[in-house]
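1. Model the following, please.
(one chain, ligands or ions: 1)
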Amino acid sequence: MKKIYIHAAFFILFILTYFLVKILSPQERLITSLVSTFGFISLILIIIILSLPLFVKYKNTSLTRYLLSERRWIGIYTFIFALIHFSLVFYFFFGLDINKILNNKNRLYLSLGGIALLFLFLMTITSNNYAVRKLGKNWKRLHYLIYPALVLILIHSFNIGLIYMKNFWLKIIVLIMILIIILLKFYKSKKSK
Ligand code: HEM
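-> Got it, this is the predicted structure:
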């Protein structure tokens, strides 16, 4: 499959997200809904990225193989969705004033989101062949940051989520999905040793 498909898919996802939120959300909650949805999609994309090798193992189709081969781009778009989430928060909730974040009662959970965003940023700028060559073994180590980033995002969103992560059952579903993925990965790596 062609490379352009992955970019087209994310372009469509972006447009759909914006218009669906605009249509479905009450006007007075539009910004919050956009913030929550972009953050939530970013979290779901991280879970998808982690499960792609398992998808290929259990359902080896041209689509799953294609998605795995485009994992780098999916990661870059994950960062872009998280960056949009942060930018909307920074502009609309905090009026571009970093002190308002640092003095907020939720500063701990906001900062954990900030650290996760930094981790995604580091992974994004090293998602190219040049960085793979330059960093050698450290490249893989650096990209293991996806796991601490995921943990930070879970703590961040479980504590301050206003829409999706306010729902107890959605939290449980997300946790169970992550647990299954990690257990399957652990089992797979033990088997291949
Ligand atoms: C990798 C980076 C990040 C990801 C993946 C992420 C993800 C999320 C998720 C999934 C939610 C819960 C949405 C909901 O269920 O309603 C959330 C909420 C929130 N995040 Fe983040 N976040 C990130 C970074 C940040 C940063 C850096 C800030 C600001 C400093 C921030 C501010 C907020 C705020 C204010 C909320 C509560 C409002 C809401 O529910 O949307 N996030 N985030």
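2. Buried residues, the helix or strand bottoming out on mean pLDDT in the chain. List them.
-> Using mean pLDDT, DSSP states H and E, the weakest-scoring helix or strand in the chain turns out to be helix 168-192, at a mean of 92. For helix 168-192, burial by neighbour count (16 or more other Cβ atoms under 10 Å) applies to 171, 174, 178, 181. In this view, the C-beta of every residue, glycine as well, is placed from N, C-alpha and C.
3. Using the three-state scheme, assign the residue nearest to R72 when sequence neighbours are not counted.
-> Closest residue in space to R72, ignoring its immediate chain neighbours: S127 at 4.5 Å, by Cβ to Cβ, 6 or more residues apart in numbering. Following DSSP: H, G, I helix; E, B strand; the rest coil, the label given to S127 is coil.
4. Thought I74 was touching S127, still the case?
-> No. Taking Cβ atoms under 8 Å as the definition, S127 is not a contact partner of I74, at 9.9 Å.
5. what about Y58, how many neighbours?
-> As a burial measure, Y58 scores 10 neighbours (other Cβ atoms under 10 Å).
6. Would you mind measuring from it to L184?
-> Here the distance between Y58 and L184 works out to 9 Å (Cβ to Cβ, to the nearest Å).
7. what do you get for K166?
-> The value you get for K166 to L184, if Cβ to Cβ is used, is 29 Å.
8. can you check G114 too?
-> Taking Cβ to Cβ, one finds G114 at 30 Å from L184.
9. One more: T37?
-> In terms of Cβ to Cβ, T37 sits 28 Å off from L184.
10. And F10, by the same measure?
-> Relative to L184, and taking Cβ to Cβ, F10 is found at 26 Å.
11. relative to helix 168-192, how tilted is the helix ranked longest in the chain?
-> Looking across the chain with DSSP state H, the single longest helix is helix 30-58. Angle of helix 30-58 versus helix 168-192, following axes from the mean of the first three to the mean of the last three Cα atoms, to 10 degrees, is 30 degrees.
12. Pull out the buried residues from helix 30-58.
-> For helix 30-58, by 16+ other Cβ under 10 Å, it's 32-43, 45-46, 49-56.
13. before we move on, what about stretch 68-76?
-> 68, 70-76.
14. Pull up the gap between L52 and M165, please.
-> Separation of L52 from M165 (Cβ to Cβ) stands at 23 Å.
15. which ones are touching the closest residue to L175 other than its chain neighbours?
-> Ranked by Cβ to Cβ, 6+ apart and with sequence neighbours excluded, the top spatial neighbour of L175 is L154, at 7.6 Å. By Cβ atoms under 8 Å, 6 or more residues apart in numbering, the residues touching L154 are 43, 174-175, 178.
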